[in-house]
Each structure stands twice: as structure tokens, then as C-alpha cells.
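Novice: Quick one, structure for this:
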Amino acid sequence: MSRDALLRVEDLQAGYGPSQVLFGVGFKLRRGEIGSLLGRNGMGKTTTIRALLGLTPARGGTVSLLGRRVERLRADQIARMGVALVPEGRQIFPNLTVRENLQAFARNHTRVAKPWTVDAVMTLFPVLAARAGHMGNQLSGGEQQMLAIGRALMTNPLLLILDEATEGLAPLIRAEVWRCLSALRAQGQTILIVDKYVERLIPLADHHTILERGRVAWQGTSAALAADHGVWHRYLGV
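Specialist: Below is the predicted model of the structure:
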């Protein structure tokens, strides 16, 4: 499998109205890698994701997907290039069944040879198979998060982005999400994760980018982050 950069972010600047939030953020992800965006609340993680997706216009810098500049493209164009989001808050359709939620997102814009199917998602998340006929608003928060991940996979993304991957979930459900992400890693899925559980991200991710007030405060491998708890205390408040 090629290890060329799938996502490359350089000197990214973005904000809202007169307020600038990002000041030169940069990182890259190669095919098959998992990277994390870390930092306390309000440090620019979600704004970074929104800028990658074309939801918040970049004011400067570049975002490249497989070598193509995308920072000036619309969100729907970026999505068709193979970027999928599992949003904070899940945002599933409450009036559709689990199966219908998955079917509604079935796409193969990137023409993968073996696309995700409803049955494949339900194999990854057996609880969804047991709830296949339930409406979205009948699911627990954890089940909704599993459905949100499955729904994103149904688009067959080159890059899967998770914003607050396990926020508000019970420990057993968090463990199930981590299991799923490990399985996706084994399949070669490229993933960018925002989450606060550093101790779970270290064995999963290849490298990490910590943001502090819209700037990159630290970058490094999981081994480097595991070895330096001073970084945890300085930038993550743990």
C-alpha cells in the first residue's frame, strides 16, 4: 500500500467574522495512518476539521488531498473526493430506521473495489444488526454513535474524520468504538480523530498534533507522547 501523503495541511488559517482562530496549523496523514488532533476545549480542533471539510473557509494556507488543493472547494466537492465526517452530536436521521440511515449514505465516489455494505457495517457493529428496524430516535447515545460511524463508512471514504469520537459515551460503549477503530486501522482506513482519551489514542494512532490557541504546540509519535507526560499536563489538562 502506498504511504504517500493522503492529507497535507500547511500554514492553515481560519476564523469566524473578525475573529481568527487558526494561526498556521500544519500536519499530514499518509495512507493507512491514524492521526489525532488534541488540545483543551476552544483551542481550534473543530475549526480545523471544519476548514478541512470546506465548512469554514480557509483564510490562508493550503489543504491538499492526494496532492490536489481543496481549501477553496465547496464541502460537497470535498466529500465527493472521499472525505467523511462523524460529527460531534452524531446528527443521525431520527425518523429513519438504522438500515435506512445506512442506505441513505451509500456512495462509492472513490470507486473502491470492495465497497461497504449495510451487512458489512452490521458485522462491524453487531448491536446495529439487532436494532436494524429501530428508528434513529429510539437508539441510545452509544448506538447512535455506532450508526454515525457506520453511516460515514457507507460513503467509502479515503479519509474518515471523527470529531469527539467517544464524547459522553459509557465506558463499555467507548471500548466498542475503540475496537471498531482498531479494526478499521487493520483494514488500512486513514483516520483523523479528535478525542480526549489520550491513553486510548496512544496505542491506536501513529502520530498526534496538539493545538494551543489555534497554533501547533506539539507534534510527535505515540511513543514520544507516551514518554512525555509533561506534554499531557501542559497542553491537555490531565
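
Novice: helix, strand or coil for the residue nearest the centre of the chain?
Specialist: Note on the chain: the residue nearest the mean C-alpha position is Ile161, at 1.8 Å, using Cα atoms, centre = their mean. Here Ile161 is recorded as strand under DSSP: H, G, I helix; E, B strand; the rest coil.

Novice: which stretch of helix or strand covers the residue nearest to Leu169 when sequence neighbours are not counted?
Specialist: In this structure, Leu169 finds its nearest non-sequential neighbour in Gly142, 5.1 Å apart by Cβ to Cβ, 6 or more residues apart in numbering. For glycine as for every other residue, the C-beta is placed from the backbone atoms N, C-alpha and C. In this assignment (DSSP states H and E), Gly142 forms part of helix 141-153.

Novice: number of nearby residues for the residue nearest to Leu169?
Specialist: When neighbours are defined as other Cβ atoms under 10 Å, Gly142 has 18 of them.

Novice: again, but for Leu147
Specialist: Per other Cβ under 10 Å, the neighbour tally for Leu147 reads 26.

Novice: mind checking how far it is from Ala106?
Specialist: 14 Å (Cβ to Cβ, to the nearest Å).

Novice: overlap in contacts of these two?
Specialist: Counting by Cβ atoms under 8 Å, 6 or more residues apart in numbering, no residue touches both Leu147 and Ala106.

Novice: Burial check on Pro115, number of neighbours?
Specialist: Residues near Pro115, counting by other Cβ under 10 Å, number 15.

Novice: now the helix holding Gly142 against strand 159-163, angle please.
Specialist: Here helix 141-153 points in a direction 150 degrees away from that of strand 159-163 (axes from the mean of the first three to the mean of the last three Cα atoms, to 10 degrees).

Novice: Tell me how far helix 141-153 lies from the chain's centre.
Specialist: Relative to the centre of its chain, helix 141-153 is centred 12 Å away, using Cα atoms, centre = their mean, to the nearest Å.

Novice: buried ones in that helix?
Specialist: Judged by neighbour count (16 or more other Cβ atoms under 10 Å), helix 141-153 contains these buried residues: Gly142, Glu143, Gln144, Gln145, Met146, Leu147, Ala148, Ile149, Gly150, Arg151, Ala152, Leu153.

Novice: Just the strands from the chain, written as ranges.
Specialist: Counting by DSSP state E, the chain has strands at residues 5-16, 19-30, 34-38, 58-65, 68-69, 83-86, 159-163, 190-194, 207-212, 215-221.

Novice: For the third one, C-alpha coordinates in CSV please.
Specialist: What follows is the C-alpha trace of strand 34-38 in CSV, where atoms were taken according to Å, rounded to 0.1, in the frame of the first residue of the first chain:
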residue,chain,number,x,y,z
ILE,A,34,-4.3,7.3,12.1
GLY,A,35,-3.6,10.8,13.4
SER,A,36,-5.2,12.7,16.3
LEU,A,37,-5.9,16.4,17.0
LEU,A,38,-5.6,17.1,20.7
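
Novice: can you list contacts of it?
Specialist: 27, 29, 45, 48-49, 181, 185, 190-196, 198, 201, 204-211, 235-236.
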